[in-house]
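Asks: Got a sequence here, can you model it:
(chains A and B)
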Amino acid sequence: MEVDIVCVGFGPATGGFLHTIAPKLAEMETPPTVICYERADGLAFGVSGVATRARGIRASFPELDPAQIPMAAPIREENLLYLLDPTGASRRSVPVRMLDGIAGIARDNHAVELPWIPGFLRKDGGLVLSIGQFNQWVSEQLMMTGAVQVWPGMPVAEPLIEKGAVVGVRLADQNGEPGMDIRAALTVVADGPVGPVGRRLDEHFGVPPDFERNDWAVGSKMVVELPSDCPLAPGTVYHTIGFPEPDIFGFFYVHPGNLASVGIFVPSWFDSPVRTSYRYLQHYMMHPFLWQYLKGGKLRSWGAKSLQESGRRGEPWLVGNGYARIGEGSGSTNVLSGSGVDEAWTTGVQLGESVLELMPEKAPYTSENLKRTYVRRRREGWLDQESRVAENARNGFQRGFLTGLIGMGLAGVTRGRVTVHANSRASQDRVQPVERYFGGRIPAAEIARIDKQCRTDGVPLHDRLMDRVGWPKIPFDGELLVSHQDALLIGGKVQGAAGFGDHVRFVDHELCELCRRRICLEMCSGEAIAPAKDGGAPVFDREKCVHCGACLWNCDNIQFAAGGGGLHSAEN
Amino acid sequence: MSNSFHIVVCGGIVPDPLQTLEPVIGPNGPALKNELLLPHVLDPWAAHALYEAAHLAKAHAGSKVWLVSLASKAKLQQVMMTVAQRVPLELVAVDGPSGGFTDSFEVAAALAGAIEAIPGLDRTRLLLLGGWESASRAAGATMQMVGERLGITEQFQGVDELTVGEDGSLRILERVEGGQHQVSVCSGPPAVLGWATGNLPEPANSPQIGMQNMRLILPALQKAKAAQVGAGCTFANVALPKQQRETRMVKDTPVEEIAREIVEWIVAE
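Replies: Purely as a prediction, here's the structure:
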């Protein structure tokens, strides 16, 4: 099938792109055919609560009324909290314990509110959003223009590359039939940081000399219906550090309708090999400071997503003949301000403006033409200038939590002139074997016994090891505190769409047998990867996969291909 | 002889059944909590009917499928993004509430009116398909009333299979008690078929079908007329069922184990 422009993935970046071009296309007598394919089975699949400055979004919608977007509200109060450890189970270094001691003097509910939030972190004048609702709102407007088509439930397998140019995409195979080829003059690649199209482009065309994508995080969050007597007003924002582990950051954003987004980020520099985001999220919610607002609440949705945390260092070649890359997968996330949605949206707008510039010229979408339009806009805009400041802001976390905080502070205050130097290592290169990480806390022989039992039971290690080192049991209440498996159902719709094959494969099964870390199954956000009872490669159950992609960046021995389905909850 | 059909499928939309739904009393009567935030799907019962319609149309050249849907336009548009990739169809949209807190009589009147207004519809070749029941309201009465309003006397409910004979006759399997089917034969359309689950799987997504359908879907949504639904009845009370879903996902559980748990549950109740 032939179209003029094909977009891969529907998120904020593609939203910005299509929103920019659609009104102009609608005015044309014979507009080009523009089509977008999205893997998830709905356009509200996005998994994130967002607190954003929304500069790019507001520029696209000058008359924006947040009340028109479900779950959106202007930010009215922003707080930064240092959370102390009320459980005694958090793994805290000596310097962090000293910090705890100092902070403990002024604590309230095991939390210290910092009196000042650095300017580079603040979201003044911004919005609290649900990314799922925002995407859906944008898609409704796009479809009503009639100028573009957005099709969910259709994963894209790979780019079509001929004679050094991208000439379209190949859709994923369905029901044993080969996926259809969609040929296009321009392929807009916005399939995120773990998308198969972007990764294939990197493999085929290579990456810039300084390209590096070692820093990642899994964002795991819930939308919670707050108790009716919760005093927090819509637009209230809490950013947190310090708990459940020092390396794990968290957030609590209050939406209209007595809803809140609560979530954590488990980063690749957190060296635990049992880095389950789901259980940590539950401990996070039960921290006394947050629990005073959440107790009595009800889970409405849950989800998880990989975040590319290398920012501009992870910027691939932005354009080539026949293609352009936008959004998070193009390295647009600002790792200093912790902001990605507005930046992704802005990259889409920049590409949209570039396409509108090239169309009247009837200029082909060559690398040269896309460089003089899209790449130029990107380099001249605020997004790129700020991402350069942020480029090395998180280096310090490679050396520890406090060094990381100091590094961020230095980068922010000096506008990127002074940063902490650290050798960046990929997650699987730095994470420790279980015996070493828990050395001194659990004898190796006991770990071996637990490991054997977990293999027999077909479950990951993390729950039993966390129990063993003192993390309290989660008191399931069936409302907000539910099992991981129940969260898959209560918190959204997880399903392996019919007709598509397994998208996670283990390449070398013998390597899996020898692996002493097995982060793939410990970090799996949906418990879709489980140990095989008879040894060998883990078992993958695509009906539970939420497509977070954490397995991909935690292990080189995994193939993560295009697949249908995944988590879909409109309230995310 | 030619056995082509004009197939009209009545299909509403419902919040995805896998979501947590909670009825509340709003300013305009009962509604589902955060209904506008919830992802919606084509009513699963009606979806079976639509897939059967597509199969029938494909097998009988010259046939055509219309999907008549009473739903909020914004939500219907979202659902169409998925449905329209699967089945060649022409959408007839009627703007109105779809949450299940409506009166079947009013819904049937709105649907019948929309069907009567379809240009070029040949009522002598009409097969009126829909869900035997609905995921939002299991009254099972709407299709019957739509058929009556259209003057169709051949009506079948709980249909699992339709076979078209060479002479154009319709052989229909309807569900009856005891896991059995009642076999009926009628000479041909017009007929009403309220589908149970049918036998067909969900069709694969097709980019070409999607593009073909989309040319007509947007205009259909834009010219959707508001239905007079919801004023004719009042709901004294709405509440969740006493029995709540308790879901566990356990693979390869032996049948005996499942049976034992069910018996335990029944005894406990």
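Asks: in the chain, what spans have low per-residue confidence?
Replies: I went with chain A, as the question did not name one. Chain A contains residues with pLDDT under 70 at A:46-47, A:493-495, A:566-572.
Asks: You answered for a different chain; I wanted chain B.
Replies: B:1-2, B:17-20, B:137-139, B:242-249.
Asks: Name the strands paired with the lengthiest strand in it and say parallel or antiparallel.
Replies: Longest strand in chain B, counting residues (DSSP state E): strand B:155-164. According to DSSP bridges, strand B:155-164 forms sheet pairs with strand B:170-176 (antiparallel), strand B:191-195 (parallel).
Asks: which one of those strands is the most hemmed in?
Replies: Of all the strands paired with strand B:155-164, strand B:191-195 has the most neighbours on average by mean count of other Cβ atoms under 10 Å in any protein chain shown, namely a mean of 26. Glycine gets a C-beta too; all of them are placed from N, C-alpha and C.
Asks: How about residues contacting that strand?
Replies: Strand B:191-195 has contacts (Cβ atoms under 8 Å, 6 or more residues apart in numbering or on different chains) with B:45-46, B:48-49, B:52, B:126-133, B:140, B:143-144, B:146-147, B:152, B:154-160, B:162, B:170, B:172.
Asks: Please save the CA atoms from that strand in CSV.
Replies: Extracted C-alpha coordinates of strand B:191-195, given in CSV (Å, rounded to 0.1, in the frame of the first residue of the first chain):
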residue,chain,number,x,y,z
ALA,B,191,-35.0,-11.6,9.1
VAL,B,192,-33.7,-10.5,12.5
LEU,B,193,-30.8,-12.5,14.0
GLY,B,194,-29.7,-11.7,17.6
TRP,B,195,-26.3,-13.3,17.9
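Asks: Can you name the next helix or strand after it?
Replies: Counting by DSSP states H and E, the next helix or strand C-terminal to strand B:191-195 is helix B:207-222.
Asks: Can you mark which positions in stretch B:262-269 are buried?
Replies: By neighbour count with 16 or more other Cβ atoms under 10 Å in any protein chain shown, stretch B:262-269 contains no buried residues.
Asks: just how off-centre is that stretch within its chain?
Replies: Distance of stretch B:262-269 from its chain centroid, counting by Cα atoms, centre = their mean, to the nearest Å, is 33 Å.
Asks: A:Pro196 contacts A:Ala561, doesn't it?
Replies: Yes: between A:Pro196 and A:Ala561 there is a contact at 5.7 Å, judged by Cβ atoms under 8 Å.
Asks: any common contacting residues for the two?
Replies: Common contacts of A:Pro196 and A:Ala561 (Cβ under 8 Å, 6+ apart): A:Ala157.
Asks: ok, the closest residue to A:Met359 other than its chain neighbours - contacts?
Replies: Excluding the flanking residues, the one nearest A:Met359 by Cβ to Cβ, 6 or more residues apart in numbering or on different chains is A:Pro32, at 7.6 Å. Neighbouring residues of A:Pro32 by Cβ under 8 Å, 6+ apart: A:Val3, A:Asp4, A:Ile5, A:Leu25, A:Met359.
Asks: Name the nearest residue to the residue nearest the centre of chain B, sequence neighbours excluded.
Replies: Note on chain B: the residue nearest the mean C-alpha position is B:Ala46, at 1.9 Å, using Cα atoms, centre = their mean. Counting by Cβ to Cβ, 6+ apart, the nearest residue to B:Ala46 once its immediate chain neighbours are dropped is B:Gly11, at 3.2 Å.
Asks: Report the separation between the one you found and chain A.
Replies: Between B:Gly11 and chain A the computed distance is 18 Å (Cβ to the nearest Cβ, to the nearest Å).
Asks: Identify the residues contacting that residue.
Replies: Counting by Cβ under 8 Å, 6+ apart, B:Gly11 makes contact with B:Leu42, B:Asp43, B:Ala46, B:Ala47, B:Ala49, B:Leu50, B:Leu67, B:Val68, B:Ser69, B:Gly130, B:Gly131.
Asks: Quick check: helices, which of those are part of them?
Replies: Mapping the contacts of B:Gly11 onto helices (DSSP state H) picks out B:Ala46, B:Ala47, B:Ala49, B:Leu50.
Asks: which one of these is nearest chain A?
Replies: B:Ala47 (12.6 Å; Cβ to the nearest Cβ).
Asks: ok, the closest one - how many residues close by?
Replies: 24 (other Cβ atoms under 10 Å in any protein chain shown).
Asks: about what we covered before: how far away is the residue nearest to A:Met359 from chain B?
Replies: Taken as Cβ to the nearest Cβ, the span from A:Pro32 to chain B is 13 Å.
Asks: so what's the backbone phi/psi at that residue?
Replies: Main-chain torsions, A:Pro32, degrees, to the nearest 10: phi -70, psi 150.
Asks: How about the one 4 residues further on?
Replies: The phi and psi values for A:Cys36, taken as degrees, to the nearest 10, are phi -130, psi 130.
Asks: for A:Leu307, same thing?
Replies: A:Leu307 adopts backbone torsions of phi -120, psi 130, taken as degrees, to the nearest 10.
Asks: could you dump the strands paired with strand B:155-164 to TSV with distance to A:Pro209?
Replies: Formatted as TSV, these follow (distance: least, Cβ to Cβ, whole Å):
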stretch	distance to A:Pro209
strand B:170-176	67
strand B:191-195	61
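Asks: Tell me which residues are up against stretch B:222-236.
Replies: Stretch B:222-236 is contacted by residues B:28-30, B:70, B:73, B:76, B:93-97, B:101-103, B:105-107, B:110, B:114 when judged by Cβ under 8 Å, 6+ apart.
Asks: Correct me if wrong: A:Ser139 contacts A:Val150.
Replies: Yes: if you go by Cβ under 8 Å, A:Ser139 and A:Val150 touch, sitting 5.6 Å apart.
Asks: More neighbours: the two, which one.
Replies: Comparing A:Ser139 with A:Val150 by neighbour count (other Cβ under 10 Å), the higher total belongs to A:Ser139, at 26 against 23.
Asks: which residue packs closest to the more buried one, ignoring adjacent ones?
Replies: Nearest residue to A:Ser139, sequence neighbours excluded (Cβ to Cβ, 6+ apart): A:Leu43, at 4.4 Å.
Asks: and if you look at A:Leu281?
Replies: A:Ser220 (4.8 Å).
Asks: Helix or strand: which one has the one you found?
Replies: A:Ser220 is located in strand A:216-225, with elements delineated by DSSP H and E.
Asks: next structured bit after that strand?
Replies: Counting by DSSP H and E, what follows strand A:216-225 is strand A:236-241.
Asks: residues making contact with that following strand?
Replies: Contacts of strand A:236-241 (Cβ under 8 Å, 6+ apart): A:51, A:75-83, A:111, A:117, A:121, A:123, A:128, A:249-254, A:284, A:290, A:338, A:405.
Asks: go on, stretch A:445-463?
Replies: A:274-276, A:279, A:434-435, A:438, A:442, A:464-465, A:468, A:518, A:521-522, A:524, A:527, A:530-533, A:535, A:539.
Asks: Need the distance between the two termini of stretch B:78-95.
Replies: Terminal residues of stretch B:78-95 are spaced 14 Å apart (Cα to Cα, to the nearest Å).
Asks: What residues sit buried inside that stretch?
Replies: Using 16+ other Cβ under 10 Å as the test for burial, stretch B:78-95 gives B:78-89, B:91-95.
Asks: just to revisit the earlier point, going through the contacts of stretch B:222-236, which ones are buried?
Replies: Buried members of the contacts of stretch B:222-236, counted by 16+ other Cβ under 10 Å: B:29-30, B:70, B:73, B:76, B:93-97, B:101-103, B:106-107, B:110, B:114.
Asks: Now tabulate the ones in helices among the contacts of B:Gly11 in a markdown table and tack on distance to A:Arg313.
Replies: Output for these, formatted as a markdown table (distance: Cβ to Cβ, whole Å):
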| residue | distance to A:Arg313 |
| --- | --- |
| B:Ala46 | 51 |
| B:Ala47 | 47 |
| B:Ala49 | 53 |
| B:Leu50 | 49 |
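Asks: Many thanks, we can stop here.
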